[in-house]
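Enquirer: Sequence and predicted model, in that order:
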Amino acid sequence: MSRLIVIGTRKTGSSLALVRAALDRNLDVTVIGSPDDALQGVFPAQVDIACMARDADVITAWIREHHPDPDRSLRVTTANDSYAAVAATVADALGLPGPDAPCVVRAASKAQQKELLADCGIPSAECLVVKLSDLPVCHRQLDYLRFPVVIKPVGGTAGYGVRRYDSRHDALDYLASLSCQARTETRADAGDAVLIETYLAGSEYCVEYFDGRYVGALRKLKRYGEGFLERGYTSELDLDEPSLRRLIDCGTETVVRAGLTWGPVHLDCIVSDGQPHIVEINPRIAGSFICDIVRDAYGFDAIARLLDKLEGKRVVVPELCAPGAFARVDFLLDSDPVPWDYTQPGELKNGDLHVSYGPQRLPSRRRRAYLYLRSPFQPEAERVSHAKTID
């Protein structure tokens, strides 16, 4: 029987959906994570869990030892941005289907993707890469940026450590705090480098691609404040057609110039004064119900199509632009009133509306529950013909 090895997952969202979809196809599933990921009990009992260092050579050696004939029965992917480069490198070393490993390695680095965007002339925020180990240099480099600025740890994930600062004094205080943390940090993705970007005012969007083709966009809902916490996502874009087209074209140029034309890519973008700017490139499937919204609003199931592609089936990406239905997720945060919570999952539905809800405890995102709403997808006739997947 064929086996899917997922190198890097999370405890919610797309990770769970990917594993469930693989099991529904009668695939054996192995999930590989680091010892501190605490994945035991997260997935169904038939899923094998293996814990080891987040190192491509270590994981490749383990796979070769436990599955000595990988080319005939194994497929490798990831559902976690921290593991994207590792998973692509492992698949390449084993001769398995997957994205171009060097391109993924470059895009997975926040610093290197900024260089890529600048080299290609793709709009993005003005940016500096600084080292926490040399704070005097950081002090001088701040003089070259206009405020407000956004500070991002290069090794961060899921918005970890991202903050906006309006003054040089507050930014320097935060850099000093990060420097202290870096000296004692035990997270595997911790590092010395930090991005400092000029803040771009505007609405933020997630723009999704598959095989280099656009498959959907969502508007990001954020909580007030300087921490950029995810409040939710919606298929209601609040963009006119020219602005949407510019957003799609900018994202398409980004994934093509980055060499990320195999499988799913998730872009974070900001539209400022009608012009798109690329915030971040994520060479993997999206989380936080984004895949669900793209499936329900645009009719493209990125998880199913990723499994098709891994299994060697041909995937045809539909020709579409605007969503064919409404879908939205809202997250209840620790800062919300205490009664705003769900301790048990549930759903409500009739012929025109489906609402699901439940707990989702994610301390790193200060999240405690979700509310997901969707209406039936109603594709236009031409979309149906383009959206078929041909085996």
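Expert: Cool, got the structure.
Enquirer: List the beta-bridge partners for Leu332.
Expert: Ala369 (DSSP bridges).
Enquirer: contacting residues around it?
Expert: Trp340, Asp341, Tyr342, Arg367, Arg368, Ala369, Tyr370, Leu371 (Cβ atoms under 8 Å, 6 or more residues apart in numbering). Placement of C-beta: from N, CA and C, glycine included.
Enquirer: dump the residue contacts of the fourth one.
Expert: Counting by Cβ under 8 Å, 6+ apart, Arg367 touches Glu230, Phe331, Leu332, Leu333, Asp334, Gln360, Arg361.
Enquirer: And stretch 169-182, what's buried?
Expert: Asp170, Ala171, Tyr174, Leu175, Leu178, Ser179, Ala182 (16 or more other Cβ atoms under 10 Å).
Enquirer: In TSV: those residues, plus distance to Ile270, secondary structure and pLDDT.
Expert: Output for the buried residues of stretch 169-182, formatted as TSV (distance: Cβ to Cβ, whole Å; DSSP: H, G, I helix; E, B strand; the rest coil; pLDDT from 0 to 100):
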residue	distance to Ile270	secondary structure	pLDDT
Asp170	22	helix	87
Ala171	20	helix	87
Tyr174	21	helix	87
Leu175	23	helix	86
Leu178	23	helix	85
Ser179	28	helix	82
Ala182	27	helix	71
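Enquirer: Quick check: Thr9 touching Ser34?
Expert: No. With contact defined as Cβ atoms under 8 Å, Thr9 does not count as touching Ser34 (10.9 Å).
Enquirer: ok, those two, which is more surrounded?
Expert: Per other Cβ atoms under 10 Å, whichever of Thr9 and Ser34 has more neighbours is Thr9, with 26 against 18.
Enquirer: For Val105, see how far away the more buried one is.
Expert: Counting by Cβ to Cβ, to the nearest Å, the gap from Thr9 to Val105 is 20 Å.
Enquirer: Ile303: which element?
Expert: According to DSSP states H and E, Ile303 maps onto helix 302-310.
Enquirer: How about the contacts made by the residue lying closest to Ser133 once chain neighbours are set aside?
Expert: Spatial nearest neighbour of Ser133, chain neighbours left out: Asp192 (5.2 Å); criterion: Cβ to Cβ, 6 or more residues apart in numbering. Shown in contact with Asp192 (Cβ under 8 Å, 6+ apart): Lys131, Leu132, Ser133, Ala182.
Enquirer: where's Asp192 relative to Gln181, distance?
Expert: The span separating Asp192 from Gln181 equals 11 Å under the rule Cβ to Cβ.
Enquirer: and what of Asp249?
Expert: 39 Å.
Enquirer: What backbone torsions are found at the residue of the chain most remote from its centre?
Expert: Taking Cα atoms, centre = their mean, the residue of the chain most remote from its mean C-alpha position is Pro136, at 33.5 Å. Here is the backbone geometry of Pro136 (degrees, to the nearest 10): phi -60, psi -40.
Enquirer: Would you map the strands across the stretch 201-350 of the chain?
Expert: Ranges of strands in the stretch 201-350 of the chain, per DSSP state E, counting those that start in this stretch, are 203-210, 213-222, 230-234, 264-272, 275-282, 327-333, 346-349.
Enquirer: now those as TSV including mean pLDDT and distance to Gln141?
Expert: Below are these laid out as TSV (pLDDT from 0 to 100; distance: least, Cβ to Cβ, whole Å):
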stretch	mean pLDDT	distance to Gln141
strand 203-210	96	25
strand 213-222	95	27
strand 230-234	93	29
strand 264-272	95	23
strand 275-282	94	20
strand 327-333	95	33
strand 346-349	93	51
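Enquirer: and Phe43, which of these is closest to it?
Expert: The closest of those to Phe43 is strand 264-272. By Cβ to Cβ, the value is 20.5 Å.
Enquirer: low-scoring stretches of the stretch 251-391 of the chain, by residue?
Expert: Applying pLDDT under 70 to the stretch 251-391 of the chain picks out residues 379-391.
Enquirer: ok, Val207 - contacts?
Expert: Counting by Cβ under 8 Å, 6+ apart, Val207 has contacts Tyr214, Gly216, Ala217, Leu247, Ile248, Gly251, His266, Leu267, Cys269.
Enquirer: who's in contact with Val6?
Expert: Ser15, Leu18, Val19, Ala22, Val29, Thr30, Val31, Ile32, Val76, Thr77, Thr78, Ala79.
Enquirer: Repeat the analysis, applying 10 Å as the threshold.
Expert: Residues near Val6 by Cβ atoms under 10 Å, 6 or more residues apart in numbering: 15, 18-19, 22, 29-33, 43, 47, 75-80, 83, 87.
Enquirer: And the most centrally placed residue in the chain, its phi and psi?
Expert: Nearest to the mean C-alpha position of the chain, by Cα atoms, centre = their mean, lies Ala286 at 3.9 Å. Dihedral pair for Ala286: phi -80, psi 160, per degrees, to the nearest 10.
Enquirer: Just confirm it contacts Glu208, I think it does.
Expert: Yes. Using Cβ atoms under 10 Å, Ala286 is in contact with Glu208, at 6.2 Å.
Enquirer: what do those two both touch?
Expert: Counting by Cβ under 10 Å, 6+ apart, the residues touching both Ala286 and Glu208 are Gly216, Leu218, Pro264, Val265, His266, Leu267, Ile293, Val294, Ala302.
Enquirer: What residues does the fourth one make contact with?
Expert: Residues in contact with Val265, defined by Cβ under 10 Å, 6+ apart, are 84, 99, 104, 107, 207-212, 215, 251, 254-255, 258, 281-286, 302.
Enquirer: Helices of this structure, start to end?
Expert: 14-24, 56-66, 70-73, 84-93, 101-108, 110-120, 135-141, 168-184, 241-257, 290-293, 302-310, 381-387 (DSSP state H).
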